[in-house]
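**Student:** Predicted model and sequence below, questions to follow.
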Amino acid sequence: MTPRLDRATFALALIGLGILTFVFGDFALQWQPVPAWMPARTLLAYLSGVIMLATGFGLLFTRTEVLASRVLVVYLALWFLLKVPALFTGPLVEVNWLGAGELAVVFAAGWVLFASTSNAARGRGSRLVRFLFGFALIPIGLSHFFYLQATIGFVPKWLPFPVFWAYLGGAGHIAAGLAVLFGVVPRLAATLEGAMIGVFTLLVWLPGVLAAQTNRLQWTGMFMSWIIGAAAWVVAGDFAPRGARPAVGDSVAKAPAGLTIGAAKSTVKQS
């Protein structure tokens, strides 16, 4: 049984980030803000890469998806918690909320994947995680307005009216977040959010990678944008009518006996 497209897309982005860890021998820049003073930091970075590779491949195969989703949700929770201290030390700094929002979206997808293999987890946490996902989109959108010039810098040069596109992207994030929070076509809102970030990935980060093929920021930004967009699609799938979802354990039972542009502005602000 092959995974759904949203799950496979998320898994491939996770694998890409894992590969980058080994290429550059470090965590994913500001998206994994592990302090420089952390003992055995390089070793921990490689361990992080192993987890991303293992869980990414694990999500692609029926036999391993249950274990992979359980490991992944814990890993992504830790990843998200790395951003939380900044919210207390700089609660009025929008870029801190931006970074936490991006990682909250990824964690929400991790929870959805975990809950898809556990009825108990789905019942206890799905509503809270949906709220977290919707709330997280709002600071991502606000960053377009707070850091307008930085956002304009990421609009492709061939597009006219860059200010318009910067504002439109921010408004789109906020509208999607509010739609999810208030239950107004939440599945469509999350799907369109994922599609919008996917467009950012293709129009902004992919050309950047092609133009600077050894640039660590371009590669990391591309895979982070990819995984955030894929995460929105995974969450969108959780809004499907309950009868349309596969029952928990179905994929295991059928297994034979014998896997943003918003992120960019945090780099600009911190550099």
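**Tutor:** That came through fine.
**Student:** Please give the element, helix or strand, for the nearest residue to residue 144 once chain neighbours are set aside.
**Tutor:** With sequence-adjacent residues excluded and distances taken as C-beta to C-beta, 6 or more residues apart in numbering, residue 144 is closest to residue 170, at 2.7 Å. From N, CA and C alone the C-beta is placed, and that goes for glycine too. Here residue 170, judged by DSSP states H and E, is contained in helix 162-181.
**Student:** contact partners of that helix?
**Tutor:** Contacts to helix 162-181, defined as C-beta atoms under 8 Å, 6 or more residues apart in numbering, come from residues 130-131, 133-138, 140-145, 148, 151-152, 155, 159, 184-186, 188-190, 192-193, 196, 200, 261-262.
**Student:** Pull out the buried members of these.
**Tutor:** Neighbour counting by 16 or more other C-beta atoms under 10 Å classes 130, 133-138, 140-144, 148, 151, 155, 186, 189-190, 192-193, 196, 200, 261-262 among those as buried.
**Student:** Not counting its neighbours along the chain, what's nearest residue 51?
**Tutor:** Using C-beta to C-beta, 6+ apart and skipping the chain neighbours, the partner closest in space to residue 51 is residue 75 (5.2 Å).
**Student:** contacting residues for that neighbour?
**Tutor:** 48, 51-52, 55, 110.
**Student:** tell me which element it falls in.
**Tutor:** Per DSSP H and E, residue 75 falls inside helix 65-81.
**Student:** Check what pLDDT residue 200 gets.
**Tutor:** At residue 200, the model reports a pLDDT of 96.
**Student:** Revised request: answer the last question for residue 261.
**Tutor:** The model's pLDDT for residue 261 equals 46.
**Student:** The one 10 residues further on now?
**Tutor:** For residue 271, the model assigns a pLDDT of 42.
**Student:** Got the phi and psi for residue 215?
**Tutor:** Main-chain torsions, residue 215, degrees, to the nearest 10: phi -80, psi 120.
**Student:** Correct me if wrong: it contacts residue 205.
**Tutor:** No - with contact defined as C-beta atoms under 8 Å, residue 215 does not reach residue 205; the gap is 10.8 Å.
**Student:** which one of these two has more residues nearby?
**Tutor:** Between residue 215 and residue 205, counting by other C-beta atoms under 10 Å, residue 205 is the more crowded of the two (25 against 12).
**Student:** Distance of the residue nearest to the more buried one when sequence neighbours are not counted relative to residue 197?
**Tutor:** What sits nearest to residue 205 in space, not counting adjacent residues and going by C-beta to C-beta, 6+ apart, is residue 222, at 3.7 Å. Using C-beta to C-beta, to the nearest Å, we find residue 222 at a distance of 12 Å from residue 197.
**Student:** now residue 170
**Tutor:** 13 Å.
**Student:** neighbour count winner among those two?
**Tutor:** For the pair residue 170 and residue 197, the greater number of neighbours falls to residue 197 (29 against 22), based on other C-beta under 10 Å.
**Student:** Would you map the helices across the stretch 1-150 of the chain?
**Tutor:** 5-24, 41-58, 65-81, 84-89, 94-115, 119-146, 148-152 (DSSP state H, counting those that start in this stretch).
**Student:** got those helices as TSV, with distance to residue 227 and mean pLDDT columns?
**Tutor:** Compiled in TSV, the helices of the stretch 1-150 of the chain are given as follows (distance: least, C-beta to C-beta, whole Å; pLDDT from 0 to 100):
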stretch	distance to residue 227	mean pLDDT
helix 5-24	4	96
helix 41-58	10	97
helix 65-81	10	95
helix 84-89	19	94
helix 94-115	6	96
helix 119-146	14	86
helix 148-152	20	96
